[in-house]
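1. below are the sequence and a predicted model for it; my questions follow.
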Amino acid sequence: MTWGYVMNWRKARIGLAVFTATASITLGACSSGEGASQASPTAPSQASLPGSTTAVADPADTAKQLAIAAYLGMWSDMAEAATTSDWQSSKLARNATAEALSKMSRGLYADRYNGLVTKGKPENSPQVESVEPADNPTTVNIVDCGDDSHWLKYRIDNGQPAEDGPGGRRHINAMVKKAVDGSWKVTDFAIQDVGTC
């Protein structure tokens, strides 16, 4: 695949260096952290408090966990579709919408057109950069240091590796939004060059 203009990971990544979804996102430092362990697709469990049965879950914490789950789900769906460069896979819309979905579909279409498939999986270490608004979140901005070293393109005709540049760690910005039905989906993402995190 190509995380950038997706499926052309290495060729389209430069054009995606600017995160088009919002001008307010700043590049954060990449590091693995608690974000990666919060990838549960369900709301966090409510903690017990002294003198009461359960406490109401913090809306910001719930939003963070659901946004990270959607972000990781998007890359998982992408990796699955990329094994056949299925640019029309209905699974792509499970965790992505708007520009994010368009980028993935276009990237997969380009790979199919060029006779390429992608094998392996990306490795992600997402962390929440911001939650807006804090009291009733509808937008979560995520930073990630994604690694595509083991997510590589191959030619369909002969099974040989495609010559599309080296894999490695890349800085990724993503925006995840709450839909009217309460679900969380990635609406846009931008990927930088190898070595940016």
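-> Noted; the coordinates are in hand.

2. quick check: buried residues in stretch 77-94?
-> 77-79, 81-82, 85-87, 89, 92, 94 (16 or more other CB atoms under 10 Å). No exception for glycine: its C-beta is placed from N, CA and C like everyone else's.

3. select from these every entry located in helices.
-> Among those, DSSP state H puts 77-79, 81-82 in helices.

4. quick one on the thing from earlier: got the buried residues of stretch 77-94 as a markdown table, with pLDDT and distance to residue 150 columns?
-> Formatted as a markdown table, the buried residues of stretch 77-94 follow (pLDDT from 0 to 100; distance: CB to CB, whole Å):
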| residue | pLDDT | distance to residue 150 |
| --- | --- | --- |
| 77 | 98 | 18 |
| 78 | 98 | 14 |
| 79 | 98 | 10 |
| 81 | 98 | 17 |
| 82 | 98 | 13 |
| 85 | 98 | 18 |
| 86 | 98 | 20 |
| 87 | 97 | 22 |
| 89 | 98 | 21 |
| 92 | 98 | 21 |
| 94 | 97 | 23 |
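
5. check the residues you listed and tell me the two furthest apart.
-> 85 and 94 (18.1 Å; CB to CB).

6. and the ones in helices among the buried residues of stretch 77-94 as a markdown table, adding distance to residue 196?
-> Below are these laid out as a markdown table (distance: CB to CB, whole Å):
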| residue | distance to residue 196 |
| --- | --- |
| 77 | 24 |
| 78 | 20 |
| 79 | 21 |
| 81 | 25 |
| 82 | 22 |
